[in-house]
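A.B. asks: Fold the following, please.
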Amino acid sequence: MTTMKMMLAVYSEIVDDDVMSALTVADIRKYTKMERVIGRSPETDEQAKLGTLYWPERYILLMIAAQDEEVAKITDMFRQLKKEHPVKGGYHVFMLPMEQLL
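C.D. replies: Below is the predicted model:
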């Protein structure tokens, strides 16, 4: 078994080209990308109506399985994106422990 970290990044699809370019520059080649995800934040009373006139934003969830030594590089990459390409809703990055079973 290999112990790794699962990094979850949520960001607006508006900056997806910038994120994909940053992944290439950082030589991060393995990830799972889920498009058109919706969610709900404590500030909203109703669930988001994805892609409508009143809630036009769409989000992407990027899952990156990272070795411990890659975590700082990936986190720094998203910090740099946040500075260079600010976007409504921002970039949210989370980390979970992960074990590869197969």
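A.B. asks: so where's the protein uncertain?
C.D. replies: Low-confidence segments of the chain (pLDDT under 70): 1-2, 39-56.
A.B. asks: got the contact list for the residue nearest to S12 when sequence neighbours are not counted?
C.D. replies: Distances taken as Cβ to Cβ, 6 or more residues apart in numbering place V87 nearest to S12, at 4.8 Å, with adjacent residues excluded. (Glycine included, C-beta is placed from N, CA and C.) Neighbouring residues of V87 by Cβ atoms under 8 Å, 6 or more residues apart in numbering: 11-12, 14-15.
A.B. asks: please redo it, this time with the cut-off set to 7 Å
C.D. replies: 12, 14-15 (Cβ atoms under 7 Å, 6 or more residues apart in numbering).
A.B. asks: what's the answer for Q67, then?
C.D. replies: Taking Cβ under 7 Å, 6+ apart as the test, what Q67 contacts is M4.
A.B. asks: All further residue positions should be reported with the first residue as 884.
C.D. replies: In the new count, where the first residue is 884, that last one comes out as Q950.
A.B. asks: and the residue nearest to S895, what are its phi and psi?
C.D. replies: Per-residue torsions, V970: phi -150, psi 150 (degrees, to the nearest 10).
A.B. asks: those strands in this protein, which residues are they?
C.D. replies: With DSSP state E, the ranges of strands along the chain come out as 885-895, 915-920, 942-949, 974-983.
A.B. asks: Would you mind finding the most buried of these?
C.D. replies: Mean neighbour count (mean count of other Cβ atoms under 10 Å) peaks for strand 942-949 among these, with a mean of 19.
A.B. asks: Now do the top helix by length along the chain: everything it contacts.
C.D. replies: The residue-count maximum for a helix in the chain (DSSP state H) belongs to helix 954-967. Here helix 954-967 makes contact (Cβ under 7 Å, 6+ apart) with 888, 890, 892, 901-902, 905, 909, 911, 947, 949, 973-974, 976, 978.
A.B. asks: returning to what we had before: okay, the strands of the chain in a markdown table with distance to A955 next?
C.D. replies: Shown next, in a markdown table, are these (distance: least, Cβ to Cβ, whole Å):
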| stretch | distance to A955 |
| --- | --- |
| strand 885-895 | 11 |
| strand 915-920 | 21 |
| strand 942-949 | 10 |
| strand 974-983 | 11 |
